[in-house]
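Undergrad: fold the following for me, if possible:
(2 chains)
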Amino acid sequence: MQGAFGSDMQDMEDLVREFLLESHEGLDRMEQCLGQMAQPTAGAEPLREIFRSVHTIKGATGFLGFERLERVAHAGENLLVKMRDGDLQPTPARMDVLLMLLDALRGILQGIEQGDGTEPAGDDARLLEQLAAQQTAEIPTETAVATAPMTVQASAPIAEVPIPTAQPTEVSTPAVVSAATTPASAEPAEISAAANAVTDSTVRVDVEVLQQLLNLAGELVLTRNQIVAAAHGSAMETLAQRLHRVTGEIRDAVMRVRMQPVEQVFARFPRLVRELARQCGKSVRLEMEGQQTLLDRSVLEMIRDPLLHAIRNAIDHGIEAAEVRASLGKPQEGLLRLRATSAGDHVLIEVSDDGGGMAPERLRQNAVNKGLLTTEQAAALSDAEARNLVFLPGFSTAAQVTNVSGRGVGLDVVRQNVERLGGSVALVSVEEVGTTIRLRLPLTLAILPALIVRCGNQRFAIPQKSVEELLHRSAAEWGKDVECMGAVQLLRLRDRLLPLAHLRVLLRLPERKDATTTEKFGEHLAVINAEGLRLGLRVDALEGVEELVVRPLDRIAEADVFSGAAQLADGGLVLILDVAGLASLAGVVEAQVHEEAAVDTKTSTQRQYLHVALRGIPAAIPIEHVEHVMAVQAASIVPMGGVLVMLDGDDVIPLLDGVRSGRGEGVEALRLAAEAPAPAWNVLFCTSAAGRIGLLVSAIHGMVQAEPFAVRNVEHPEAPAQSVVHLSDGLARVICPEDWCEFVQHPEAWQPLNLLQWQNAGAEQAGREVQE
Amino acid sequence: MTQRFFSAQSAAETLDSVCTVYLGGEIFSVRLTDVVEVVTAVHVQDCPLSPAYIAGLMHYRGDVLTVVHLRALLGLSASTQAEHRHITMVMAGVHGLFAMQVDDMGEVRSLENSLLESMPALMDAERHSFLRGMYKLEQGLLPLLDVQRLEPIALRAWTAAHMHEAKIAGREESPRAIAS
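TA: Okay, here's the model as predicted:
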């Protein structure tokens, strides 16, 4: 089809580009709105929005001379105007036609983009016919549902999903179907996968955020000028503080510019779910929550595929066929829930279904059938471990392999992608109740919390997510615990052998002159975990955790041991260690993973805890909640409303000692601290879905494996603890950070209670549980 | 004589603005258009496991730049003159910014670009690869450094290619005699 350009093409180019950008955004909104219309609560607004998008496109096409686009948009508009005015109801058939319209418009726009501003050729007769047909109110809706959707589906708007085997009639004539449909509606498959080149390079920014950024930048310049002028004055300190604040705020504002609601990714899912459910012959209702949760744009782009996999998995494997559901007494319509929540510096995205869950026995059997495990190995797995088998490459659980999923690529890819982002994936599945896949994602990739270590006269940073634990051994303990096997040093750590390497040796740093330091100060170790490879990294000193703004680095080192560099708060430069590179440099090999798996299989219902003491009372914190330990100066802790708080970056963290954190008690604790000889407290930072807290720990004993026992019938309003664990030297209560967050937020819900009373009652109760 | 070309009526495109630098007692030049900034008193952080011609890393306006140790790269020994300022120059390479350390900087000169002659084939092969040519001046020859080849990314490729013949890492310990 011929556009109106020719000689003045150069002049038109900018206009066309702008038009494409606007139109793509309009169509994205249209897609979101189509999704919203499927929700029962949707009002008339989505429909109006769709109308506006299509209308805008039509308006511009006449001027730019895209005749084909104009024809299609015009036909769509005719239908939409009747629907908007309430003359026509949004029936499923009409929704399908609107989806076809969306695809056709996208296809033409894509063609214009690729064809340097000329419209792609194509025949839209079929679409126009359908659009016209839907405008007649008395069209028999049932027939439309039966015919129209099938055509749409055959033209497969979802990338990579071939026609399912479940519907043989469709499969038999795929060539005919695609030939019959117009190129415009056959194209969208590629479009949604390849995303639009124009829109992906730009960001829409909230004007308010930009204005704020501008104001801050102005203030920064002002402060700098004042600092220059007052360089010798005594006002320096105040100015420096202000500069500090302003720059911090600027950084945050810039970060916010990069933040986008997850809705951008979620928007495509209602349609995807509809299509997938239809292909699988199931009826699925999608519920979405927390679409406004913000995530860094770079992270957002990278979770699209993992989420897609998880959804496919849930619909194909999770949710049962309607007959099965009916026989189980479940509602015929399956429920798929997508939920995004922010938790501190992480965002959790959950994909849950109310389907059949995963039967551990079937998973074991499947692993054996696929040759991934031997029968003995499979039998030795605990149920939880069996469920984790789904993350193995080449594993598929669908009883019947369909084309939607079950091709052996799926959850392993999900995990791989999420871990590459620095996040993690957890899976909870209860048979006949459902499955939840939870993705834990970092808010941004730009800022990396890292442990700073010193070696020689240089500092290095280890990404916090790779640090398992920090150890210190006195010279005497060192001699006792370390074994040498050839050139390899091994540390005996809780009945396991941990290979050791000294950072100085790995990096060939000069030897320190004062060789006696080990005897004097002992050895410092960071246990790092590089994708399952564990290594005890010996360093000269551990300095603490800092949030780094990562900068790329030229590849100048002979081994890939540095992943970037960053500037520290004191202005110094640190190299960020790549733990995988370090592990391979140290010669740590895969074999260890198997050994670890073998050890883990013995501990079925056991979980990992950090064993600490809170005011001298033993406590265990589930390891997944533990962030890091930091020595905090007593001076930087203040009481606020009876609770102690401190600043960590820009976060205000409530500090609890796990015992008496009720109203007014914090002040007492502070007074005690001020009197205490120690100038610093050990603060253990914990994360949970409800927020972050800091625990004032009096001692850290190390990691333990233990089985939790639930505490029932015990009133313990002051110190919430739902379970206890039995350790070698007695009981320890389990601290669940989430409960404590709620405790801090609603202290009135808790009544003070004598601590000892509780402790005794809890211990007795737990003792009883143990005996049972 | 080149001095008269300084006057305003000269055609700018026939002139090269260069800046002279001193390395191990020898004089070299770089085109001014390749220089972004000249910094003194910058802290250069060591980078472990890097070749000897990498002085380390430095912080520059929020970025981390690789600092090339030019003297080590060209196989020159330390200069006997103690009063050198040890200047770090931030350069614009094809692939981004990088920095290089020189003993000292001389002056900025405008030279007729017809005076530039490409390198004679007989030149020391190693040094040859880092030079773009020579300005034939009345006072003698002024070598022009090829900034593109000094970029860390280019050096990486060069190292790989020359690893077997030039013992780069060991060169600092056994400096060669300077032929001048």
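
Undergrad: the residue in the stretch 351-500 of chain A positioned nearest to chain B: neighbouring residues, count only.
TA: Nearest to chain B, among the residues of the stretch 351-500 of chain A, is A:Gln458, at 6.1 Å (CB to the nearest CB). C-betas here are computed from N, CA, C, even on glycine. Number of residues near A:Gln458 (other CB atoms under 10 Å in any protein chain shown) recorded here: 22.

Undergrad: okay, it: pLDDT?
TA: Here the pLDDT value assigned to A:Gln458 is 89.

Undergrad: so what's it up against?
TA: By CB atoms under 8 Å, 6 or more residues apart in numbering or on different chains, the residues touching A:Gln458 are A:Leu509, A:Leu575, B:Gln45, B:Asp46, B:Pro48.

Undergrad: and the spatially closest residue to A:Met630 that is not a sequence neighbour, how close does it get to A:Leu610?
TA: Distances taken as CB to CB, 6 or more residues apart in numbering or on different chains put A:Val683 closest to A:Met630, at 5.4 Å, once the chain neighbours are dropped. Distance, A:Val683 to A:Leu610, using CB to CB, to the nearest Å: 13 Å.

Undergrad: the strand or helix carrying A:Phe685 pairs with which strands, parallel or anti?
TA: Using DSSP states H and E, A:Phe685 sits within strand A:680-688. Sheet partners assigned to strand A:680-688 using DSSP bridges are listed as strand A:626-633 (antiparallel), strand A:691-697 (antiparallel).

Undergrad: quick one on the thing from earlier: can you report how many residues neighbour the residue nearest to A:Met630?
TA: When neighbours are defined as other CB under 10 Å, A:Val683 has 23 of them.

Undergrad: then A:Val428?
TA: When counting by other CB under 10 Å, one arrives at 16 neighbours for A:Val428.

Undergrad: ramachandran coordinates for it?
TA: Here is the backbone geometry of A:Val428 (degrees, to the nearest 10): phi -120, psi 130.

Undergrad: contacts only, for it.
TA: Listed by CB under 8 Å, 6+ apart, the contact set of A:Val428 reads A:Thr435, A:Thr436, A:Arg438.

Undergrad: any regions of chain B where pLDDT drops low?
TA: By pLDDT under 70, the low-scoring segments of chain B are B:1-13, B:79-83, B:121-126, B:161-180.

Undergrad: mind telling me which residue of the stretch 101-250 of chain A is nearest chain B?
TA: Closest contact between the stretch 101-250 of chain A and chain B, by CB to the nearest CB, is at A:Thr247 (11.6 Å).

Undergrad: that residue: what secondary structure?
TA: When classified by DSSP: H, G, I helix; E, B strand; the rest coil, A:Thr247 comes out as helix.

Undergrad: quick check: it vs B:Ala78, distance?
TA: From A:Thr247 over to B:Ala78 the distance is 41 Å, taken as CB to CB.

Undergrad: next one: A:Val645
TA: 56 Å.

Undergrad: hang on, the earlier thing: partner residues bridging the residue nearest to A:Met630?
TA: In this entry, A:Val683 is beta-bridged to A:Met630, A:Leu696, by DSSP bridges.

Undergrad: wait, isn't it in contact with A:Met646?
TA: Yes - counting by CB atoms under 8 Å, A:Val683 sits close enough to A:Met646 to count as a contact (7.2 Å).

Undergrad: any residues in contact with both of these two?
TA: Residues touching both A:Val683 and A:Met646 (CB under 8 Å, 6+ apart) are A:Val632, A:Leu655, A:Gly694.

Undergrad: tally of neighbours for the last one?
TA: Applying the criterion other CB under 10 Å, we find 27 residues in the vicinity of A:Gly694.

Undergrad: check contacts around it.
TA: Contact analysis of A:Gly694 by CB under 8 Å, 6+ apart lists A:Val632, A:Met646, A:Asp648, A:Ile653, A:Pro654, A:Leu655, A:Leu656, A:Val683, A:Leu684, A:Phe685, A:Cys686.
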